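**Student:** kindly return the folded structure for what I paste below:
(2 chains)
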Amino acid sequence: MNCDEARNELPALAQGSLGQERRMAIEAHISSCQSCAKDWTAAKAVWSSLDMLTEVPTPHSLRERLSSQIVSLLDAEARAGIGIHKLLGALLSGIVLALLGIWSLNKQVNLETFTTAGISGCAVLWAGLFIATSCLIMGRFRLGGTAMSPVASTALASTGMVLLGTYFCPKLELLRFWLASLPGEALAAAGGMGLSHFAFGCLYATVPTFLAALYFGSRLKGPWLKEGLWTAAGFILLLSPSLYVQCSFLPMAMGVFLIAGVFVGSLGGALAALRLQHTLLRAA
Amino acid sequence: MERYQEGDAEAFKSLFERYEGLLYNFFLRRLGNPADCEDLYQKTFMKLHQARESYEPGRPFRPWLFTIAYNLFRDELRRKGTWHKSAYEETEPEAGVQKQESEAEKAAHKRELATRVREAVNRLPEMQRQVVLMSKFEGLSLADISRVTGQTENAVKQMAHRAFLNLREMLQDQVEEERK
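**Tutor:** This is a model prediction of the structure:
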């Protein structure tokens, strides 16, 4: 390190904002250079002379008035809830998403095996779930201390990815492929068909949830487990009509194992993404 | 900050308690006029409230907050064309109390030193003054100051170095006394 480099860092050294390695390098230079040592003593003196400029307390009335004003704005926003325009938007998007979901299912699964009442009930339930999700996304709701907007966004995004996947490649085709594959057969041999169905459910749900949580992860902050649980629950609920229709072609026990795998997979995907986000942010 | 973004009033109050004094003094040191300072102080918090959704959780909050404050200060300078440097006087907390003569002398000497330091800081070129004030009083690192002011980190380091040299020259007596 040369003298010019050391002198440039003296203000930062006086402030105490240098990293340990850098600080030690500069201190080592100062201890061996008389001229820089003199400059460092002067820099410390300049820094401490600035302590003469004391802080002035904010006038009490100004502080109280401003704080109350912003708290009132927050209260007003909370009372306003979601607002009529956003509610109408949630209703419309919920209905459209439900119809898209039924259409996507119909392309890949023979819905004629179900009664009209059954299909209608499925559509109505799905619309209700999508409407509720849209409301949670648009409003500032907290449940048990967890912000529901990013959680609902993650659940909706991962459901959307799965439904898109279902349109191009139905779950039952993928399941048959998995059961016939080496790992699928190995798991079936090791723990029975239930385990193989469970593993498929995990894999099926992990990828979309991981990707969705990675995208929305900057707004999904701890407690991770709580938010992961809410995300997994939201994902299962939103997918439930599709899961019901597609799993109805499976034996009940296998359907239960598969749905359990979907829940665990979505929980794992969300938590893995949150952890990765946290690590990346810390590194940045 | 994340809880404030979700509408948590207690989270806002906690944030406010932590930063309002820093912000008030940020403007007071730069503008000097308490009326202008109060105006920008209020505007900063209102802007913070309106822009809170744009804050990325996980990013350092302090540089983000002081970027808002600094931009408002800069806009105010452009609007006014000039500013009054530190017209405020620090007040004695025990102003009404009778003092011993030596205590009064000490207080007067302290006020005189503070005035010299304040005048020295005010005589610095504007960006050097900003760098000194932000690093000493707003607690921003030189990297943060470069983000707030839009200057490169090297430029901020150079300004800090020159500011220290200038202050050393202007406060020579004081520096010598501190060194002893």
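**Student:** residue 157 sits in which helix or strand?
**Tutor:** No chain was given, so I picked chain A. helix A:148-168 (DSSP states H and E).
**Student:** you looked at the wrong chain, it should be chain B
**Tutor:** Per DSSP H and E: helix B:153-170 holds residue B:157.
**Student:** report all helices and strands that the next helix or strand after the helix holding residue A:157 contacts.
**Tutor:** Next along the chain after helix A:148-168, taking DSSP H and E as the criterion, comes helix A:171-180. With contacts taken as 3 or more C-beta pairs under 8 Å, 6 or more residues apart in numbering or on different chains; DSSP states H and E, helix A:171-180 sits against helix A:182-191, helix A:193-216. Just so you know, the C-beta spots here come from the backbone N, C-alpha and C atoms, and that holds for glycine as well.
**Student:** could you check the pLDDT of the spatially most central residue of chain B?
**Tutor:** In chain B, the residue lying closest to the centroid (C-alpha atoms, centre = their mean) is residue B:26, at 3.0 Å. Looking at residue B:26, its pLDDT stands at 94.
**Student:** what residues are up against the closest residue to it other than its chain neighbours?
**Tutor:** By the measure of C-beta to C-beta, 6 or more residues apart in numbering or on different chains, the closest residue to residue B:26 outside its immediate chain neighbours is residue B:69, 5.6 Å from it. Contacts for residue B:69 (C-beta atoms under 8 Å, 6 or more residues apart in numbering or on different chains) come out as B:23, B:26, B:27, B:40, B:44.
**Student:** please repeat the previous calculation with a cut-off of 7 Å.
**Tutor:** B:23, B:26, B:44 (C-beta atoms under 7 Å, 6 or more residues apart in numbering or on different chains).
**Student:** distance to residue A:35 and secondary structure added to those, as JSON lines?
**Tutor:** Listed next are these as JSON lines, based on distance: C-beta to C-beta, whole Å; DSSP: H, G, I helix; E, B strand; the rest coil:
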{"residue": "B:23", "distance to residue A:35": "40", "secondary structure": "helix"}
{"residue": "B:26", "distance to residue A:35": "35", "secondary structure": "helix"}
{"residue": "B:44", "distance to residue A:35": "43", "secondary structure": "helix"}
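**Student:** which of the residues you listed lies closest to residue B:77?
**Tutor:** residue B:26 (13.7 Å; C-beta to C-beta).
**Student:** residues contacting the helix holding residue A:157, please?
**Tutor:** Taking C-beta under 7 Å, 6+ apart as the rule, helix A:148-168 contacts A:101, A:104-105, A:107-108, A:133, A:136-137, A:140-142, A:208-209, A:211-213, A:215-216, A:219-220, A:227, A:230-231, A:234-235, A:238-239, A:242, A:266, A:270.
**Student:** same thing but 6 Å
**Tutor:** The contact list for helix A:148-168, computed with C-beta atoms under 6 Å, 6 or more residues apart in numbering or on different chains, reads A:101, A:104, A:107, A:133, A:136-137, A:141, A:208-209, A:212-213, A:216, A:219-220, A:227, A:230-231, A:234-235, A:238-239.
**Student:** ok, stretch B:145-165 next?
**Tutor:** A:8, A:11, A:43, A:46, B:63, B:66-67, B:70, B:124, B:127-128, B:131-132, B:134, B:142-143.
**Student:** which among the residues you listed end up buried?
**Tutor:** A:8, A:11, A:43, A:46, B:63, B:66, B:70, B:124, B:127-128, B:131-132, B:134, B:142 (16 or more other C-beta atoms under 10 Å in any protein chain shown).
**Student:** of these, which belong to helices?
**Tutor:** Using DSSP state H, the subset of the buried ones among the contacts of stretch B:145-165 located in helices is A:8, A:11, A:43, A:46, B:63, B:66, B:70, B:127-128, B:131-132, B:134, B:142.
**Student:** just give me the closest of these to residue B:107.
**Tutor:** Nearest to residue B:107 among those: residue A:46, at 23.3 Å, using C-beta to C-beta.
**Student:** and the contacts of the strand or helix carrying residue A:87?
**Tutor:** Here residue A:87, judged by DSSP H and E, is contained in helix A:84-108. Helix A:84-108 has contacts (C-beta under 6 Å, 6+ apart) with A:123, A:126-127, A:130-131, A:134-135, A:138, A:163, A:166-167, A:170, A:242, A:245.
**Student:** check those residues for burial and list the buried ones.
**Tutor:** A:123, A:126-127, A:130-131, A:134-135, A:138, A:163, A:166, A:170, A:242, A:245.
**Student:** same list (those residues) but as CSV, adding pLDDT and secondary structure.
**Tutor:** Listed next are those as CSV, based on pLDDT from 0 to 100; DSSP: H, G, I helix; E, B strand; the rest coil:
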residue, pLDDT, secondary structure
A:123, 87, helix
A:126, 90, helix
A:127, 91, helix
A:130, 92, helix
A:131, 91, helix
A:134, 89, helix
A:135, 88, helix
A:138, 82, helix
A:163, 83, helix
A:166, 76, helix
A:170, 70, coil
A:242, 84, helix
A:245, 81, helix
